[in-house]
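Participant: Coordinates only, no sequence provided:
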Ligand code: MLC
Ligand code: AMP
């Protein structure tokens with residue numbers, strides 16, 4: 001029986017006695033034991049009625065079993081669908097309705113609420129921060145061998161939702177081949193091996209923490225210092241015995257804020273990688289000055305996996321995201337036609353790591369994924385003569401805060417639904433810690449309404465990281481001659 005992703009990432013470790021996960025409490029889990037746990041959880045999934053191709057939705061804390069659950073879904077031929085633990089019930093309701101999962105796994109604390117939004121017939125199991133819950137209890141009694149379900153390269157392995165400029169989240173369908181091809185490229189390019197020890201402080205419900213970090217580690221047999229959350233002290237403690245760190249730019253600015261970060265502390269480190277949001281050139285330079293390491297910046301997207309990377313051996317240039325990964329083609333286009341080197345255009349990408357389309361949204365897929373296989377990223381870039389890419393802006397209306405994507409349209413829709421609001425504009429302004437933060441300018445219909453009332457009605461619908469940090473009541477929104485709201489004007493006005 002072959003299963004493209006399971007065979008490459010999990011099956012190969014069945015007899016591997018090396019340590020895979022090192023947890024916050026000092027517990028170590030070997031690769032061989034991890035593979036057994038994956039099998040136990042795969043039994044739980046099938047007993048819960050999960051069949052090949054079924055979606056398994058997971059909104060669970062960052063514990064070892066959550067990673068094993070990903071493996072179990074792959075082994076059972078299911079489609080793994082992780083969700084941000086910050087999502088509110090109304091956000092969750094949309095994903096559950098859209099994905100139609102056979103099984104939902106959540107923290108026991110939220111089980112009653114989530115049960116109430118799951119359609120009849122959806123199984124629900126729990127997994128909590130202290131490792132308790134029905135999923136774990138059931139798994140403990142299962143056998144440690146599971147008959148792997150056969151899956152080919154084009155079968156779906158994961159469905160990851162990414163918010164859309166239209167305000168509705170879209171499920172990016174990722175196949176076994178998409179995930180494996182990207183992790184093979186990255187592992188080779190970044191020279192990741194079993195001798196590495198990765199400090200993992202990212203969440204595991206997004207491409208970065210789940211696929212970039214965990215799939216490459218599984219492929220190479222790397223030891224992962226699996227931290228429940230980002231914490232500067234904990235990272236500083238681990239750096240002397242680690243070799244790699246993967247993070248969003250906020251990780252690096254926060255580390256730079258600590259005097260203990262110096263060359264001696266990172267003498268054992270091999271590679272610092274940054275992505276998911278632009279790394280400021282000054283952060284790159286300051287980090288090099290303090291540690292002697294040039295951060296390796298790479299660029300990617302949920303739909304495409306990683307697209308470009310600065311070189312491992314060659315020069316890592318601040319403010320650029322490097323070259324197309326092996327097996328990935330990148331072109332810069334205007335109106336669909338390639339532009340000359342040095343000209344600004346839309347970044348488009350094609351290759352084995354590019355997704356299969358949006359779940360149940362053929363029209364959206366057709367709008368963004370060309371028939372010739374190129375995906376339009378919505379990012380604006382320049383490519384040098386020798387193929388080095390720099391991102392210069394975004395065509396899509398998107399805010400990236402601490403590495404989380406926030407789509408203004410989604411927030412504007414919620415604000416506009418408040419009785420007495422005429423219209424609103426949500427935009428990002430520079431923020432020292434998160435890169436960007438969210439503001440909302442609002443025009444009222446009902447002049448008796450105030451910011452506090454709007455805030456109180458908006459916030460329960462949106463995850464905390466999406467909340468506007470300020471609700472600014474204004475008489476009118478600035479518009480250009482075409483009637484389009486000029487968010488750049490609002491940004492200039494309120495950015496300081
Ligand atoms: C937390 N908060 C945020 C936030 N993270 N607000 C805005 N943006 C964020 N990113 C909120 C908290 O709820 C809290 O609210 C307050 O801000 C302060 O929290 P904190 O304790 O300082 O934050 P912390 O928990 O330390 O989290 C910061 C962080 C985290 C940077 C560690 O956001 C993070 O892990 N980001 C990584 C996101 C990621 O993995 N992105 C990859 C996407 S994949 P309150 O109530 O206290 O005010 C992708 C593709 C690719 O983009 O290329 O990789
Ligand atoms: P997501 O939709 O969450 O996968 O986020 C993907 C988006 O993050 C990309 O389209 C980019 O806009 C942005 N992104 C990822 N990596 C980088 C980077 N190194 N520099 C700038 N933007 C980035």
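Facilitator: Structure received. Nothing here was measured: the structure is a model prediction, and the numbers come from that model. Residues are numbered from 1 along each chain as shown. Ligands and ions are numbered 1, 2, ... in the order given.
Participant: Which residue or residues pair with the residue in the stretch 351-496 of the chain positioned nearest to ligand 2 through a beta bridge?
Facilitator: Nearest to ligand 2 in the stretch 351-496 of the chain, going by Cβ to the nearest ligand atom, is residue 405, at a distance of 4.1 Å. Heads up, the C-betas are built off the backbone N, CA and C, glycines and all. Counting by DSSP bridges, residue 405 is bridged to residue 400.
Participant: Count the neighbours of it for me.
Facilitator: 18 (other Cβ atoms under 10 Å).
Participant: ditto for residue 311
Facilitator: As a burial measure, residue 311 scores 14 neighbours (other Cβ under 10 Å).
Participant: Residue 472 should be in a strand, yeah?
Facilitator: Yes - according to DSSP: H, G, I helix; E, B strand; the rest coil, residue 472 belongs to a strand.
Participant: Now do the same contact list for it.
Facilitator: By Cβ atoms under 8 Å, 6 or more residues apart in numbering, the contact set of residue 472 is 439, 440, 441, 442, 451, 494.
Participant: Now for those residues: which two are most distant?
Facilitator: Pairwise distances across the contacts of residue 472 peak at 13.6 Å for 451 and 494 (criterion: Cβ to Cβ).
Participant: Overlap in contacts, these two.
Facilitator: Listed as contacting both residue 451 and residue 494 by Cβ under 8 Å, 6+ apart are 470, 472.
Participant: got a list of contacts for the lengthiest helix in the chain?
Facilitator: Across the chain, the longest stretch assigned as helix under DSSP state H is helix 31-47. The contact list for helix 31-47, computed with Cβ under 8 Å, 6+ apart, reads 10-11, 13-21, 29, 56, 64-65, 67-69, 71-73, 75-76, 78, 103, 125, 135, 138-140, 142-146, 221.
Participant: Which ones among those map onto strands?
Facilitator: Among the contacts of helix 31-47, the residues falling in strands (DSSP state E) are 19, 20, 21, 29, 56, 103, 125.
Participant: Now do the SS call for residue 225.
Facilitator: Assignment for residue 225 (three-state DSSP): strand.
Participant: Let me know how buried it is, in neighbour terms.
Facilitator: Neighbours of residue 225 under the rule other Cβ under 10 Å: 22.
Participant: next one: residue 131
Facilitator: Residue 131 has 15 nearby residues by other Cβ under 10 Å.
Participant: try residue 66
Facilitator: Around residue 66 there are 22 other residues, counting by other Cβ under 10 Å.
Participant: my guess is it contacts residue 204, does it?
Facilitator: Yes - taking Cβ atoms under 8 Å as the definition, residue 66 is a contact partner of residue 204 at 6.1 Å.
Participant: got a list of what the residue in the stretch 201-350 of the chain that ligand 2 sits nearest to touches?
Facilitator: Relative to ligand 2, the nearest point of the stretch 201-350 of the chain is residue 302 (3.5 Å; Cβ to the nearest ligand atom). Contacts for residue 302 (Cβ under 8 Å, 6+ apart) come out as 160, 162, 172, 206, 207, 355.
Participant: Where does the closest residue to residue 325 other than its chain neighbours sit, in terms of helix or strand?
Facilitator: Nearest non-adjacent residue to residue 325, counting by Cβ to Cβ, 6 or more residues apart in numbering: residue 185, 4.5 Å away. Assigned by DSSP states H and E, residue 185 falls within helix 176-189.
Participant: pLDDT of that helix, averaged?
Facilitator: Helix 176-189 carries an average pLDDT of 98.
Participant: which residues touch that helix?
Facilitator: Applying Cβ under 8 Å, 6+ apart, the external contacts of helix 176-189 come out as 3-5, 8-9, 74, 151-158, 192, 211-212, 215-216, 218-220, 305-306, 309, 311-312, 325-328, 351-356.
Participant: Which members of these are classed as buried?
Facilitator: With neighbours counted using 16 or more other Cβ atoms under 10 Å, these contain these buried positions: 3-5, 8-9, 74, 151, 155-158, 192, 211-212, 215-216, 218-220, 305-306, 309, 325, 328, 351-356.
Participant: now, which of these lie within strands?
Facilitator: Counting by DSSP E, the buried ones among the contacts of helix 176-189 place 156, 157, 158, 305, 306, 309, 328, 351 in strands.
Participant: Report the beta-bridge partner residues of the first one.
Facilitator: Which is residue 156. As for beta bridges, residue 156 partners with residue 175 under DSSP bridges.
Participant: The fifth one too?
Facilitator: When bridges are taken as DSSP bridges, the partners of residue 306 come out as residue 300.
Participant: how close does the residue most central in space within the chain get to residue 14?
Facilitator: For the chain, the residue sitting closest to the mean C-alpha position, by Cα atoms, centre = their mean, is residue 206 at 2.5 Å. Residue 206 sits 28 Å away from residue 14, going by Cβ to Cβ, to the nearest Å.
Participant: And residue 133, by the same measure?
Facilitator: Counting by Cβ to Cβ - residue 133 and residue 14 are separated by 26 Å.
Participant: The two: which has the busier surroundings?
Facilitator: Neighbours of residue 133 and residue 14, each counted by other Cβ under 10 Å, are more numerous for residue 133; the result is 23 against 14.
Participant: Near ligand 2, which residues of the stretch 201-350 of the chain are found?
Facilitator: Residues of the stretch 201-350 of the chain found near ligand 2 (Cβ under 6 Å from any ligand atom) are 207, 275, 276, 277, 278, 297, 299, 300, 301, 302, 321.
Participant: if I read this right, the third one contacts residue 248, doesn't it?
Facilitator: Yes - Residue 276 is in contact with residue 248 according to Cβ under 8 Å; the separation is 4.6 Å.
Participant: before we move on, the earlier item: so which of the ones in strands among the contacts of helix 31-47 also contact ligand 1?
Facilitator: Among the ones in strands among the contacts of helix 31-47, no residue sits close to ligand 1 (Cβ under 6 Å from any ligand atom).
Participant: May I ask which of the residues you listed has the most neighbours?
Facilitator: Of all the ones in strands among the contacts of helix 31-47, residue 56 has the most neighbours under the rule other Cβ under 10 Å, reaching 27 neighbours.
Participant: Just the pLDDT for residue 261.
Facilitator: According to the prediction, residue 261 has pLDDT 98.
Participant: Over to residue 243?
Facilitator: For residue 243, the model assigns a pLDDT of 98.
Participant: and what of the one 5 residues further on?
Facilitator: The model reports residue 248 with a pLDDT of 98.
Participant: Against residue 400, how distant is it?
Facilitator: Separation of residue 248 from residue 400 (Cβ to Cβ): 9 Å.
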